[in-house]
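[1] build the 3D model from these lines:
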Amino acid sequence: MPETPANPGHPEQAEAADDELRIGVYTCYCGGNIGDVVDVEEVAKTIGQLPNVIVSRTDASTCSDAGQATIEEDIREHNLNRVVIGSCSPFLHEQTFRGTMLRAGLNPYLYQHAGIREQDSWVTHADPAGATQKAIRLVGAAVAKARFLEALEPIRLGAQKHALIIGGGVAGLRAARDIAGRGLMVTLIEKTPFLGGRMAQLDKVFPTELPAQPSLKALIDDVVSDPNVTVLTNTEIVGFAGYVGDFQIKLRQTPRGVSGDGHGMQAAMDICPVDLPDEYNYGLTRRKAIYHRYPGCSPSIPAIDWEHCTLCGECLKACPESISLEAPPKEFEVNVGAIVMATGFRPYEPRQGEYGYGELSEVVTLPQFIRMLALTDGSGELAWNGHPVRDIAMIHCVGSRQINGIDEPQPDGEINLYCSRVCCTATLHAALELRRKFPQVNVFDVYQDIRTYARGHEEYYRSAAESGVRFLRFLPEEGPSVVRSQDGDPRPVLVRVKDSLTWGEDLEVPVDLVVLAVGMMPNPVDDLTELLKITAGNDRFLLEVHPKLRPVETAVNGIVLAGTAQSPMTIQESCASAEAAAAKVSSLLSQGRVELEPFVARVDPGRCQGSGECLEVCQYEGAIRLEPVSINGAEAKRALVTPANCVGCGVCVGACPNQAIDIQGWTLGQYRAMVEAIASEIRPVEVTA
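    Numbering: from 1, shown residues only. Below you'll find the model as predicted:
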């Protein structure tokens with residue numbers, strides 16, 4: 001087994017004898033991505049003459065089945081014990097080639113990758129000769145490192161066959177159903193007293209046009225009736241420890257205040273003196289401090305809104321057997337193997353005065369308008385604030401696709417640069433529903449761009465145009481304005497817009513109601529991201545490791561994403577995301593054990609002096625600690641790594657004053673070998689007759 005190169009002052013072992021190393025090198029054309037710039041044959045020829053290189057080949061597509069088969073055949077025929085591949089990014093095919101090694105009977109960590117596409121041909125395409133020399137050095141550095149690779153083993157941990165899902169909306173419910181259906185235990189927690197999330201506030205779901213409530217109720221019934229699922233409402237995380245396979249989660253459950261829906265419960269709700277805007281209907285209706293979220297909600301038992309309850313005790317007089325105003329919160333722990341973040345979204349709240357919002361009573365948001373339509377049966381005429389509505393303007397991209405220098409920052413100083421994706425179709429869907437219920441109402445759709453991107457969504461755009469919706473298009477830097485009409489005008493509000501569809505004509509559209517198609521923003525979960533050590537992106541949505549290769553995984557092993565916690569999504573997309581999260585959790589936990597990459601810190605106890613400097617710089621809780629040991633009868637301390645908590649960042653390596661720590665698979669000796677190979681001119685070995 002080759003070992004790390006010698007280094008004065010560092011206890012590295014001597015390099016293995018040359019005859020023990022048999023390296024195969026494969027340089028890929030990657031179609032034309034590499035071969036159109038780099039002289040791949042010259043790279044293979046030069047590298048093939050280096051010490052220990054037994055085979056040096058080129059291939060049009062090394063990652064193909066045929067390319068992998070060639071590597072497997074060479075390993076067996078030539079007794080290769082190291083493999084180096086020069087191709088595209090290791091992020092794309094590192095796992096592919098490790099599988100190739102395994103099939104050929106070699107340890108998968110005896111393979112080294114050289115990225116000569118992203119790091120070379122794509123950035124040096126104007127200098128083919130220089131790109132070729134750069135490729136030789138990069139592949140040569142990989143060969144240098146390969147001489148000192150070790151046969152590592154994955155970190156194997158026992159795993160609880162139990163998942164925690166945070167969020168009781170459609171994504172969390174779908175993930176719970178799918179995970180439980182695979183035989184794993186599930187605990188689903190919801191911060192509010194009721195399940196259903198934002199889907200519960202919809203009337204219909206596009207593009208199926210199915211009623212939202214029955215579909216949601218069927219999903220909830222599947223989840224709550226599953227013996228593998230425990231549902232906890234009014235519950236949130238207050239403590240977190242452990243690692244993938246064995247997370248210790250401390251939960252706090254606020255009492256519901258109501259133990260049943262017995263005789264007198266309706267009287268208790270009626271007698272409550274607190275009168276609040278009902279957030280379910282976005283303030284269009286009122287509710288009490290003891291309430292149901294909506295008819296048929298789950299759980300069906302009412303709950304007390306502790307934030308607004310005055311503890312007056314009036315409800316107790318009507319229903320003393322089912323109401324308790326003094327039960328304390330409960331704290332308890334659950335052990336789970338994985339966590340699904342399904343924390344959902346909130347609609348963008350326009351700032352005061354944005355398009356007249358908060359200043360003109362005739363300006364509402366699209367979610368409010370959807371609830372307004374759901375509360376009407378279409379009989380009679382549409383009214384707002386007691387006045388008939390005959391003309392409506394719907395303005396797109398409110399709180400989405402904002403522009404620095406034009407749109408005002410939010411309280412955190414940021415603007416929403418992203419497209420919320422769903423709002424265009426949601427706006428057209430609402431316009432069509434409005435035209436169906438109230439065909440006499442005129443609709444003006446004021447948009448920047450229409451993005452009806454998903455299957456069946458473009459039909460909403462066509463149908464809206466055919467139904468008489470009038471479209472007006474504005475440029476991003478010349479957005480519309482909403483102002484109060486002059487006294488005596490038959491319509492209370494004017495929408496002013498420079499319409500690019502009529503070659504920049506300045507138009508004034510008098511309307512009775514303005515609907516702002518607000519975008520999506522993630523629910524505020526800063527407390528959770530800090531506790532769980534996961535990351536949000538620049539758009540504040542939770543960040544995945546890689547949008548294509550690891551689309552639902554976070555940087556913390558065992559914590560995955562589902563639904564609009566990750567980005568704006570439709571209900572269909574949220575369900576698909578939840579299914580992907582469930583599949584990932586199931587693959588992790590179904591065997592009762594997990595395997596992690598071995599690239600973690602390793603301490604040489606012979607050099608460790610227990611200074612604790614590694615512990616001071618480590619950012620990952622529980623990754624490294626000082627343990628008492630007895631040395632020649634004297635008590636001392638030595639650093640000890642918990643591999644499951646270590647991410648292999650290497651900060652501790654630089655902090656250790658005795659060079660007692662290395663990262664497996666990326667040791668200081670291996671780095672030295674690579675740097676020396678890059679810095680030195682690679683000269684082929686002269687072959688004598």
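[2] quick one: Ala679 from Val143, how far?
    15 Å (CB to CB, to the nearest Å). Quick note: C-beta positions are derived from backbone N, CA and C, even for glycine.
[3] looking at those two, which is more packed in?
    Neighbours were counted for Ala679 and for Val143 using other CB atoms under 10 Å; Val143 has more, 27 against 9.
[4] for the more buried one, which non-adjacent residue is closest in space?
    Val84 (5.4 Å; CB to CB, 6 or more residues apart in numbering).
[5] now do the SS call for the one you found.
    When classified by DSSP: H, G, I helix; E, B strand; the rest coil, Val84 comes out as strand.
[6] you'd agree it is up against Leu110?
    No - with contact defined as CB atoms under 8 Å, Val84 does not reach Leu110; the gap is 10.1 Å.
[7] mind listing the shared neighbours of those two?
    When contacts are counted by CB atoms under 8 Å, 6 or more residues apart in numbering, Val84 and Leu110 are jointly contacted by Ala146.
[8] burial of Gly606, as a residue count?
    9.
[9] repeat that for Met569.
    23.
[10] ok, Glu579 next?
    Glu579: 17 neighbours (other CB under 10 Å).
[11] phi, psi of it?
    Note on Glu579: its backbone torsions stand at phi -60, psi -40 [degrees, to the nearest 10].
[12] contacts only, for it.
    Arg174, Ala175, Asp178.
[13] what about it, distance to Met199?
    Per CB to CB, Glu579 is found 16 Å from Met199.
[14] and what of Arg177?
    To Met199, Arg177 is 14 Å away according to CB to CB.
[15] okay, now the sheet partners of the helix or strand hosting Thr58, with direction.
    Per DSSP states H and E, Thr58 falls inside strand 53-59. Looking at strand 53-59 with DSSP bridges, its partner strands are strand 23-28 (parallel).
[16] how is this protein carved up into domains?
    Per the record, the chain has its domains at 1-154, 162-254+330-344+525-593, 265-318, 350-521, by automatic domain parsing.
[17] thinking again about what came up before, what mean pLDDT would you report for the helix or strand just after the strand holding Thr58?
    Helices and strands here follow DSSP H and E; after strand 53-59, the next one along the chain is helix 65-78. Across helix 65-78, pLDDT averages out at 96.
[18] circling back to that earlier point, hey, what's the residue nearest to Val143 bridged with?
    With DSSP bridges as the rule, Val84 is bridged to Val25, Gln112.
[19] list the contacts of it.
    Taking CB under 8 Å, 6+ apart as the test, what Val84 contacts is Ile23, Gly24, Val25, Tyr26, Tyr111, Gln112, His113, Ala114, Val139, Ala142, Val143, Ala146.
[20] I'd like the residues you listed as a markdown table, with pLDDT and distance to Val422 appended.
    What follows is the contacts of Val84, written out as a markdown table (pLDDT from 0 to 100; distance: CB to CB, whole Å):
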| residue | pLDDT | distance to Val422 |
| --- | --- | --- |
| Ile23 | 97 | 52 |
| Gly24 | 97 | 50 |
| Val25 | 98 | 49 |
| Tyr26 | 98 | 45 |
| Tyr111 | 96 | 43 |
| Gln112 | 97 | 44 |
| His113 | 96 | 39 |
| Ala114 | 96 | 42 |
| Val139 | 97 | 46 |
| Ala142 | 97 | 45 |
| Val143 | 97 | 50 |
| Ala146 | 96 | 49 |
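[21] list just the nearest of those residues to Phe444.
    His113 (56.7 Å; CB to CB).
[22] so that closest one touches Phe91, yeah?
    No - applying CB under 8 Å as the test, His113 and Phe91 come out as separate, 9.6 Å apart.
[23] just the element for the spatially closest residue to Ile682 that is not a sequence neighbour, please.
    Among residues not flanking Ile682 along the chain, Gly140 sits closest, at 4.5 Å (CB to CB, 6+ apart). Per DSSP H and E: Gly140 is located in helix 128-146.
[24] now the angle between strand 53-59 and that helix, please.
    140 degrees (axes from the mean of the first three to the mean of the last three CA atoms, to 10 degrees).
[25] give me the phi and psi for Phe240.
    phi -150, psi 130.
[26] now for it, how many residues are close by?
    For Phe240, using other CB under 10 Å, the count is 16.
[27] neighbours of the nearest residue to it once chain neighbours are set aside, how many?
    Spatial nearest neighbour of Phe240, excluding adjacent residues (CB to CB, 6+ apart): Leu531 at 4.9 Å. For Leu531, the neighbour count with other CB under 10 Å is 15.
[28] just the element for Leu531, please.
    Assigned by DSSP H and E, Leu531 belongs to helix 526-532.
[29] could you do Ala639 as well?
    Counting by DSSP H and E, Ala639 is found in strand 634-641.
[30] roughly how far does Tyr671 sit from Ala144?
    Noted for Tyr671: a distance of 10 Å to Ala144, by CB to CB.
[31] mind giving me the packing neighbours of the helix holding Leu531?
    strand 235-243, strand 338-341 (3 or more CB pairs under 8 Å, 6 or more residues apart in numbering; DSSP states H and E).
[32] kindly export it (C-alpha atoms) in PDB.
    What follows is helix 526-532, C-alpha atoms only, in PDB (Å, rounded to 0.1, in the frame of the first residue of the first chain):
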ATOM      1  CA  ASP A 526     -33.800  31.600  10.500                       C
ATOM      2  CA  ASP A 527     -34.100  29.900  13.900                       C
ATOM      3  CA  LEU A 528     -34.200  26.500  12.200                       C
ATOM      4  CA  THR A 529     -31.400  27.200   9.800                       C
ATOM      5  CA  GLU A 530     -29.200  28.300  12.600                       C
ATOM      6  CA  LEU A 531     -30.100  25.300  14.800                       C
ATOM      7  CA  LEU A 532     -29.800  22.700  12.000                       C
END
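[33] dihedrals phi and psi, the nearest residue to Pro154 once chain neighbours are set aside?
    Among residues not flanking Pro154 along the chain, Glu595 sits closest, at 4.1 Å (CB to CB, 6+ apart). Backbone geometry at Glu595, expressed as degrees, to the nearest 10, gives phi -120, psi 130.
[34] give me the neighbour count for Glu595.
    Glu595: 15 neighbours (other CB under 10 Å).
[35] list the beta-bridge partners for it.
    Arg156.
[36] who touches it in this structure?
    Contacts of Glu595 (CB under 8 Å, 6+ apart): Pro154, Ile155, Arg156, Leu157.
[37] any idea how far the closest residue to the last one other than its chain neighbours lies from Val560?
    If the residues on either side of it in the chain are set aside, Leu157 comes closest to Gly245, at 4.5 Å by CB to CB, 6+ apart. Plainly put, Gly245 is 14 Å away from Val560 if you go by CB to CB.
[38] any shared contact partners between those two?
    Contacts common to Gly245 and Val560, judged by CB under 8 Å, 6+ apart, are Ala338.
[39] which of the two has more residues huddled nearby?
    Val560 (32 against 25).
[40] give me the pLDDT for that one.
    98.
[41] over to Val363?
    98.
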